[in-house]
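>>> My questions concern the predicted model and sequence given below.
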Amino acid sequence: MTKKPPSQATDPAGDPQAPAIRTTGLQKIYKGFFGRHPVVALQGLNLEIRRGEVFGLLGPNGSGKTTTVKLLLGLIHPTSGSAEVLGRKPGNVLTNQYIGFLPEESYLYQFLNADETLDFYGRLFRIPRRERKRRIHELIDLVGLGHARRRAVKGYSKGMGRRIGLAQALINDPELLFLDEPTSGLDPIGTREIKNLILELKRRGKTVLMCSHLLADVEDVCDRIAILQKGVLKVESAVSDLLTVKDVTQIRVRQLAPDALEHLKSILAEHNAELVEVSNPHSTLEKLFLRIVGAAPGGTRRD
Amino acid sequence: MEPAVTEPKLRKHRFPVIPEILWALGVQTLRQCIRRKALLILVFFFLVLLVGSRVIPAYSPVRRVEMLIELSLFAISFFGIIVAIFLAATVLPDDRAAGTITTVLTKPVGRLNYILGRVLGFAMTLGIILLVMGAVSWGFIRWAGAAAGTSTGRDDILVAKRGVEATQVQRFEGSVQKTLRDEAEYALLSGPKDVELLYWFRTGLDRLPEADNQTLELVPTVATGMALPQVEAEILVINGDDPLDNQPVTRTLNSKRLTTVSFPRRLVHPIEGVKVRIRRTRSEYRIRFDRDAILLMVRPAPFEWSFLKSLVVIYLGFLLVVVVSITASTFLSSWVAVLLAFAAYFFAEFQEMLLDFMKALRASAEGKAAGLFGSGAFNAIHGHGHGHGAREIVPDPWYVLVVNKIMYFWMWVLTHIFPDFNTFDASPWLTSARDVPWSAIGSAAMVLLCYGTCYLMIGHVLFWRRELVP
């Protein structure tokens, strides 16, 4: 479709030195019928996602996260600006070989079952038959759908749809994974499993671009994040940089006697440090839930 | 979750069209069509055929079978085209609306492969539907043929003896071979004098020359190489069951030469053709014949074979409908695409009629002939040409001409962007028991190839850069 520069022809996965994703001045304006009621979905997005990192795209509803992903996948075309995915133009068939995509909602063929779904997508990658079978087996176990593999997707719950959607995105063991709201509709255990999976993919050197408005998810797994609002990039930085409160020092102690606390306070006063808070930490509800449900026998694979 | 440890091997693409991907999409589409219950149409088809075979009036047993052939061919192409349009025009827009297309097109598929894979899938679906419908029709036709005492298109032509009921009289085509098997037939040539045979000829009436006198050719030939005795016979052409005032002619039937009998055109019955009664009047010799020794005419096309060929022609038409529907669905929503595909089919099917209409329209508008909406109607209203004698044809005023020109132009466009769908109709051959010529299949294939390629190119261009927002 598009003419490739000669340097790209040598490595099918694209220029290994190039960033996984680079956009320059990416803009998208949705136009209505005969160009009426234009909506600016994305404005001048400059983004660079390095290989091997987990990048989080945050923003409220309608901030342009999904638009960005669709532009990067070549499903829609930018009004102006350009994007590069694995060193090639978005939507390139060669690039798609190395990409996995989990859409915002699990768009699935309702009349297929889990096995057939994965088989179909595997065939589109021309994975040889025996390998495809093995791969499908692995992925169905991975996303915990072993009990429902022969059931039509039509009857799946939203969480199960998410799981099969994720398996579908992983069928080709992609170098670059686009996850649009990966944890929506999942129970906390499923959410935790997906987060662990993302971390595992990162450990294996894959690049993940993840869209979400669930901040806890992003915080747990992303190396860097960008926050979009009304199509404009507000912040782009490493998560640790953004969230560290540099002028506050936290000391966490187990079983501290009240006398010792008084002593500590006096030491702090000696150093002219302002004591902000002394409290017993809360566990998160997520941890509590995982502790209770995760401990129950057979409770980890429910949907 | 334990991570997947294996990495699948991925093969590289070398060509824009990849057979494996086409096959994957084709199988997927077939599965989609079947699970959308497209095969239910077969039930309707079966019902139509069942009711039709009961309702067909019994003009004559032969005509009944013919009408059943016509009905089943019509039903096959009617139901097939409905299925083709409803599937092919809706699957792509539905795929787009449901968002599933995004998961497919973000795989290394490419949009051309996607469209072609879909075409392949619909081709497979329609192939299955056509085969089932064909088999069912074949069964019905055979059954009706057996019930009527005829066996359609087979070379054993029934010969009725004197006084035998009409149900046992069989059609005898202009291109039919007759093997004499019956004792009575041997008797005609060698037996006692009073044997009378009745043959039923139904040469395609529409193809009879306009001349007033029709000719019937009788060619007794000998299959075994044995010389046939000369047999003098009285030949009488009968209109239906009615001898009218026709006089029998006496001819010598001889294997060495063609025996022709002329008869006036009025003897051709509009439905049943002509009947010929042959009665031997005099025999010089008395010879024993081997079985199957005497052939009266040329062998007809075996029904199965020409039926199969006509199914192929119909199938090519289905493929064209699929391609048109997919092309429409690349830029339209499903229901609009369905409507457009039906409109296209309409213009393709009734092209001949529309072209005639157009010509009449144009001629009348230009004042060359009294016509439909042209000078005739207009002048009648405005009282221009109401002289008592021969009416004078006056050209219409300019605005009528302009409207006519615009209509003509659109008619012209519509009848030219779609091929003549009669190319995909083989029933004329089949119902007249003639073999469907290879040229019919060839021309259907050529039309499909030329038009189909053009439509697909248009569809691809429209779909190639289309934004996929569910």
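Here it is on my side, so go on.

>>> any idea how far B:G117 is from A:D119?
Distance, B:G117 to A:D119, by Cβ to Cβ, to the nearest Å: 15 Å. Where C-beta positions appear, they are placed from N, C-alpha and C, glycine not excepted.

>>> When those two are compared, which one has more neighbours?
Using other Cβ atoms under 10 Å in any protein chain shown as the criterion, B:G117 and A:D119 rank with B:G117 on top: 26 against 22.

>>> got a list of what that one touches?
The contact partners of B:G117, taken as Cβ atoms under 8 Å, 6 or more residues apart in numbering or on different chains, are B:I21, B:L22, B:W23, B:A24, B:L25, B:G26, B:Q28, B:T29, B:V109.

>>> do that again at 10 Å, thanks
A:124, B:17-19, B:21-29, B:104, B:109-110 (Cβ atoms under 10 Å, 6 or more residues apart in numbering or on different chains).

>>> same thing with A:L72?
So A:L72 contacts A:20-21, A:23, A:26, A:47, A:49, A:78, A:83-85, A:90-91, A:95, A:99, A:101, A:176, A:178, A:209, B:106 (Cβ under 10 Å, 6+ apart).

>>> Could you say which helix or strand holds it?
Assigned by DSSP states H and E, A:L72 falls within helix A:65-73.

>>> rewinding a little: return a PyMOL selection command for the buried portion of the contacts of B:G117.
Selection of buried members from these for PyMOL, criterion 16 or more other Cβ atoms under 10 Å in any protein chain shown:
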select buried, (chain A and resi 124) or (chain B and resi 18+21+22+24+25+26+27+28+29+104+109+110)
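
>>> Now, the contacts of B:G117 that are in strands?
Applying DSSP state E to the contacts of B:G117, no entry is found in strands.

>>> what's the spacing between B:K37 and chain A?
10 Å (Cβ to the nearest Cβ, to the nearest Å).

>>> For that residue, give me the backbone phi and psi.
phi 60, psi 40 (degrees, to the nearest 10).

>>> Show the pLDDT at it.
The model reports B:K37 with a pLDDT of 88.

>>> and the helix holding A:L72, how far out from the chain's middle?
13 Å (Cα atoms, centre = their mean, to the nearest Å).

>>> picking up where we left off before, farthest-apart pair in the contacts of B:G117, please.
Largest separation among those by Cβ to Cβ: B:V27 and B:G110, giving 17.8 Å.

>>> Pull stretch B:463-470 out as PDB, backbone CA atoms only.
What follows is stretch B:463-470, C-alpha atoms only, in PDB (Å, rounded to 0.1, in the frame of the first residue of the first chain):
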ATOM      1  CA  PHE B 463     -13.200   0.800   1.300                       C
ATOM      2  CA  TRP B 464      -9.500   1.200   1.200                       C
ATOM      3  CA  ARG B 465      -9.300   4.500   3.100                       C
ATOM      4  CA  ARG B 466     -12.600   4.300   4.900                       C
ATOM      5  CA  GLU B 467     -12.500   5.200   8.500                       C
ATOM      6  CA  LEU B 468     -13.800   2.400  10.700                       C
ATOM      7  CA  VAL B 469     -15.600   3.900  13.600                       C
ATOM      8  CA  PRO B 470     -18.200   1.600  15.100                       C
END
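
>>> do it and chain A meet?
Yes - Stretch B:463-470 reaches chain A (Cβ under 10 Å from any Cβ of the partner chain) through B:W464, B:R465, B:R466, B:E467, B:L468, B:V469, B:P470.

>>> The fourth one in helix, strand or coil?
Secondary structure for B:E467, judged by DSSP: H, G, I helix; E, B strand; the rest coil, is coil.

>>> what sits against it?
A:K28, A:Y30, A:K70, A:G74, A:L75, A:I76, A:H77.

>>> Now it. Its backbone dihedrals?
phi -80, psi 130.

>>> Same question for A:G44.
Torsion angles, degrees, to the nearest 10, at A:G44: phi 50, psi 50.

>>> Touching, it and A:I29? I think so.
No - between A:G44 and A:I29 there is no contact under Cβ atoms under 10 Å: 11.7 Å.

>>> Common neighbours of those two, please.
With Cβ under 10 Å, 6+ apart as the test, A:G44 and A:I29 both reach A:S80, A:G231.

>>> Relative to chain B, how far out is A:E193?
For A:E193 relative to chain B (Cβ to the nearest Cβ), the value is 4 Å.
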